[in-house]
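Visitor: return atomic coordinates for the entry below.
(one chain, ligands or ions: 1)
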Amino acid sequence: MAVAAFVLAAMAALPTAEAGAMPSSCGRASAKLYRVRVQVQKGLKTTVPAFASDVMNVLCYEKSWVASGKVRYRYDPKGPYVVKLLSPGATEERCQQLTGLSVHHYYSCASRAHKEAVLNSDRWFGGSAYWPGTVAAYRRLLVNHEFGHVLGQHHRSCPGSRKLAPVMQQQSKGLNGCKANRWPLGYELRSLSP
Ligand SMILES: [Zn+2]
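Guide: Numbers count the residues shown, from 1 in each chain. The predicted model follows:
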């Protein structure tokens with residue numbers, strides 16, 4: 001019972017609203033620490049502080065990977081982990097460098113080895129044709145999916161018609177009968193080995 005109470009107390013510190021003031025750190029003290037910074041390509045319609053706040057709000061939300069209890073985050077402008085917001089052209093180029101694959105100027109990518117997630121600005125600002133919800137909700141999928149790769153997660157398939165899509169399903173390419181979902185599912189959280 002003492003353990004359960006501790007878990008509840010630790011989790012109570014996580015933001016329960018999907019947006020708000022930027023959480024500068026979050027997660028259980030015993031979890032693996034990820035020091036995260038952001039980068040925004042010049043000319044895009046946001047700022048480093050605004051994008052940092054958006055990213056940290058997703059990473060620290062109580063239903064994101066941090067819910068596993070295995071990871072924690074701290075915003076650090078000198079941190080080794082980076083989430084970049086790049087134009088479609090720059091995303092294509094960087095993703096080729098990171099993964100050797102084309103994102104067709106459309107998708108985003110990430111590399112665990114390079115400690116880097118690259119978000120395509122067209123998807124960030126415009127969402128996806130397959131996403132039935134708001135752009136704000138789609139951004140949460142984008143951060144959770146790409147940072148999921150940074151945490152060592154690989155792609156997953158739709159488990160069955162009308163089931164919730166795993167956050168690691170490539171939902172920007174279609175839902176395959178699954179329901180859109182922006183949070184890691186229980187079995188995804190349990191599989192995390194950061
Ligand atoms: Zn992916």
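Visitor: which strand or helix spans the nearest residue to Ser157 once chain neighbours are set aside?
Guide: Once flanking residues are discounted, Ser157 sits nearest to Gln169: 6.5 Å by Cβ to Cβ, 6 or more residues apart in numbering. Using the backbone N, CA and C atoms, a C-beta is placed for each residue, glycine as well. In the assignment (DSSP states H and E), Gln169 maps to no helix and no strand.
Visitor: and Gln169, what does it touch?
Guide: Counting by Cβ atoms under 8 Å, 6 or more residues apart in numbering, Gln169 makes contact with His155, Arg156, Ser157, Cys158, Leu175, Asn176, Cys178.
Visitor: would the first one count as being in a strand?
Guide: The reference is to His155. No. The assignment for His155 is coil, going by DSSP: H, G, I helix; E, B strand; the rest coil, so no strand is present there.
Visitor: contacts only, for it.
Guide: Met168, Gln169, Gln170.
Visitor: gap between stretch 138-151 and the chain center?
Guide: Mean-position distance between stretch 138-151 and its chain equals 2 Å (Cα atoms, centre = their mean, to the nearest Å).
Visitor: CA atoms only: put that stretch into CSV for me.
Guide: This file holds the C-alpha atoms of stretch 138-151, laid out as CSV (Å, rounded to 0.1, in the frame of the first residue of the first chain):
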residue,chain,number,x,y,z
TYR,A,138,-2.6,16.0,-33.6
ARG,A,139,0.5,17.8,-32.3
ARG,A,140,0.3,15.6,-29.2
LEU,A,141,0.3,12.5,-31.4
LEU,A,142,3.3,13.9,-33.3
VAL,A,143,5.4,14.6,-30.2
ASN,A,144,4.5,11.3,-28.5
HIS,A,145,5.1,9.3,-31.7
GLU,A,146,8.4,10.8,-32.6
PHE,A,147,9.7,11.1,-29.1
GLY,A,148,8.6,7.5,-28.7
HIS,A,149,11.2,6.6,-31.3
VAL,A,150,13.8,8.6,-29.3
LEU,A,151,12.8,6.4,-26.3
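Visitor: rewinding a little: just the buried ones from the contacts of Gln169?
Guide: Buried subset of the contacts of Gln169 (neighbour count, 16 or more other Cβ atoms under 10 Å): Arg156, Cys158, Leu175, Cys178.
Visitor: so for stretch 166-178, mean pLDDT?
Guide: Across stretch 166-178, pLDDT averages out at 95.
Visitor: which one's the longest helix in this structure?
Guide: Scanning the chain for the helix with the most residues, using DSSP state H, yields helix 135-150.
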